Each structure stands twice: as structure tokens, then as C-alpha cells.
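> predicted coordinates and the sequence they were generated for:
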Amino acid sequence: MTVPHSILDLATIGKGQTAAESLAGSVAMAQLAERLGYRRVWYAEHHNMSAIASSATSVLIAHVAAQTESIRLGAGGVMLPNHSPLTIAEQFGTLETLHPGRIDLGLGRAPGSDQNTLRALRRDPMSSDSFPQDVLELQGYLTGPTRIQGVEATPGKGTDVPLYILGSSLFGAKLAAQLGLPYAFASHFAPNALQDAVAIYRRDFQPSAQLDAPHVIAGVNVIAADSAAEAQEMFHATKRARVSLFFGNGREFSDDEADMILDSPQGQHVAQMMKYSAVGTPDAVLEYLEEFTAHADADELIVAHQSTGTEARLRSVQLLADVAGLVRV
């Protein structure tokens, strides 16, 4: 492959698995990714989702960083309207101080939750409107000068933690271009605006102190397995799990119930979300990713290994690294 590969770890809590077991799997995945030559591992902020264990993103990053040596770790991303910029600057400034040169900070403006959870987070429903200003305030705490006189982040000031704008629409593309920041598109679950967003970002990009040329990271699902049949079986199981996640309201559907929903017009949305998915043997996955890289005009791929169960995800991580020729730097 001609572009770097990274990993988006969703810290999935599988059937019959505890959150502790999921987080242990995240450590194992990062350690394996480090050995194999993946560039970075990111964790996403989600709330009130029983199948995702990455709600306290900065805490998870700290835990994994303490058990790895060199791989970059970060948020993909922190949903900034859920937090004060100063708090996030202090958290990620602390991470960078403890693990210099290894921390990334991806920023999104979605709630990462439903409306009831938004209220539980004490979030103002209009807070996403100030996302551009919040990004600049956060950047000031990390790189200087501060935008609020007399207020500094400690730790944080002078750590220059690199910022990334995450998005699934044209808004994020325009903001990342305006601010001269790298842009990560969430095409692993929101594929529709990928090409338009990347084109706008590249067209309008303004160089900055952090970045002198556009850098596009595109998300893609991967299930690499030893046989095509095994990969397809895991892909179907992944879609079943998404049905419970998005439509279950805390309930886990049986396989037959999930299949009925998947066959319905409502369930087709799940299939559409996973439009960009490389599923199959390693060679088939590699071929898909090469085509996707060109389609997305991407400088880097961030891969969500969606295999069911920790061992299957680790196997997918290994198989992709082997066939793509990744090398630890």
C-alpha cells in the first residue's frame, strides 16, 4: 500500500463480554498494531451505548499509552461540544506531557449520543454552533497564545498537540480547510458525502503552522479472515450487532429478529452505513483498499476492524498488515 494505515478502535463489547474484557482487547490491539507498523490508533467518544467502552476517551488513551511504547494514540474523536475547551486542553496536554510525541486530538461536533444522553451530559443543544470558536480556543491553550486573557492550560500550554477535524459532511471539510488542519472523514459509517467533502477540503485548504498541505484520512471497515466465507459470516454478524445497537433501546435482538430488521427498509440504513467495507481474504481486502484509497483521494486510511470477537479482530489486524507490507518505523 502507498498510504499509511491506522486503526479506529471502537472498544466493542461483544456478546457475553464485559467492559473490562473489551478494554483489555484494546490494549492487545494497540500493542499488536505497534509491532506491525500501523501509524496510529484512535478511540471514539460515545455515550450511553452498551456495546461501546470508549466513553472516557482520554482515560482509555492514558491506559493504552502506558502499555505501549511508540505508536501514536488519540481521539477519533472527542465530541468537543460535550466539554469545555480548557478541560480537553488539560487532559490532552497531560497525555502529551506523559507520552511526548505520541498524542493526537481529533475533534467532532456531534453529540455522540441521543437527546436524553445529551441532557445527562449537561450539554446545551445549541453548543455545536460554537464548534469553530471552541476549536480555536482549544488550539490557543495548546499552542498559544491563549484566546481568553489570563487563562492557561497546565499541563497543555506549549505541548502543541496536533488537532484533526473529524466530519461526515461538508461543514467539517470547510472548517478543516479554513484552519489548515488535517481532515478525517467518517466514511466507515457515514459514506454519502465522502468525495464532495474531500474535494472541497483540498480545493480550499489554507496552510497553517501545523500543516503546510492537505492531509485526508478516510475511514473504512475491514474484516480480513482466512477464508471469504468466514469473513462474510463475520460481516453479517457485525450488521446484526448494529441492529441491536441502533434499534434495540437496550435490548439485544435474536439473530432471526435482527435479520428481519435488516431485510426491512429501516434495516437497509445499516447496510448503507457500511457501504465502504473491505471483507474477505487478505488479498481481496488489499485490492478493495487500493481502490478505496483512490476513490477517497486519501493520504491515510483509518481502519475499523469489525470482526466479531477480540481474537477475530486481532487476526484481521495481523492479516491486513501482512498483505499490505506494513513495517514498524
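Right, received. Where do you want to start?
> so what's residue 96 up against?
By Cβ atoms under 8 Å, 6 or more residues apart in numbering, the residues touching residue 96 are 102, 103, 155, 159, 160, 161. (C-beta placed from N, C-alpha, C; glycine too.)
> poorly predicted segments of the protein, please.
Residues of the chain meeting the criterion pLDDT under 70: 1, 111-113, 250, 329.
> so which residues of the stretch 51-200 of the chain form strands?
Per DSSP state E, counting those that start in this stretch, the stretch 51-200 of the chain carries strands over the ranges 72-79, 103-108, 163-167, 183-185.
> and the first one, how far out from the chain middle?
I take that to be strand 72-79. 7 Å (Cα atoms, centre = their mean, to the nearest Å).
> can you check stretch 65-72 too?
18 Å.
> could you do stretch 145-158 as well?
For stretch 145-158, the distance to the chain centre is 27 Å (Cα atoms, centre = their mean).
> over to stretch 295-315?
Mean-position distance between stretch 295-315 and its chain equals 10 Å (Cα atoms, centre = their mean).
> list the buried residues of it.
Under the neighbour-count criterion of 16 or more other Cβ atoms under 10 Å, stretch 295-315 has 296, 298-310, 312-315 buried.
> could you tell me the end-to-end distance of it?
Stretch 295-315 stretches 26 Å from its first residue to its last (Cα to Cα, to the nearest Å).
> for residue 146, what are its contacts?
Neighbouring residues of residue 146 by Cβ under 8 Å, 6+ apart: 140, 152, 157.
> so the last one sits against residue 93, correct?
Yes. With the criterion set as Cβ atoms under 8 Å, residue 157 and residue 93 qualify as a contacting pair; they are 7.1 Å apart.
> picking up where we left off before, of the contacts of residue 96, which is the most crowded?
residue 103 (25 neighbours; other Cβ atoms under 10 Å).
> what about that one, distance to residue 94?
9 Å (Cβ to Cβ, to the nearest Å).
> again, but for residue 63
Distance from residue 63 to residue 94, counting by Cβ to Cβ: 13 Å.
> then residue 3?
The span separating residue 3 from residue 94 equals 31 Å under the rule Cβ to Cβ.
> now swap in residue 27 and tell me
From residue 27 over to residue 94 (counting by Cβ to Cβ), the distance is 19 Å.
> would JSON lines of the contacts of residue 146 with distance to residue 114 be doable?
Shown next, in JSON lines, are the contacts of residue 146 (distance: Cβ to Cβ, whole Å):
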{"residue": "140", "distance to residue 114": "32"}
{"residue": "152", "distance to residue 114": "35"}
{"residue": "157", "distance to residue 114": "36"}
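> just to check, residue 176 is in contact with residue 185?
No. If you go by Cβ under 8 Å, residue 176 and residue 185 don't touch, sitting 9.7 Å apart.
> quick one: the helices in the stretch 1-150 of the chain?
Secondary structure of the stretch 1-150 of the chain (DSSP state H, counting those that start in this stretch): helices at 19-36, 57-65, 85-98, 115-120, 131-143.
> so which of these is nearest residue 321?
Closest to residue 321 of those is helix 19-36 (Cβ to Cβ; 3.8 Å).
> helices or strands up against the closest one?
strand 5-9, strand 40-43, helix 57-65, helix 310-324 (3 or more Cβ pairs under 8 Å, 6 or more residues apart in numbering; DSSP states H and E).
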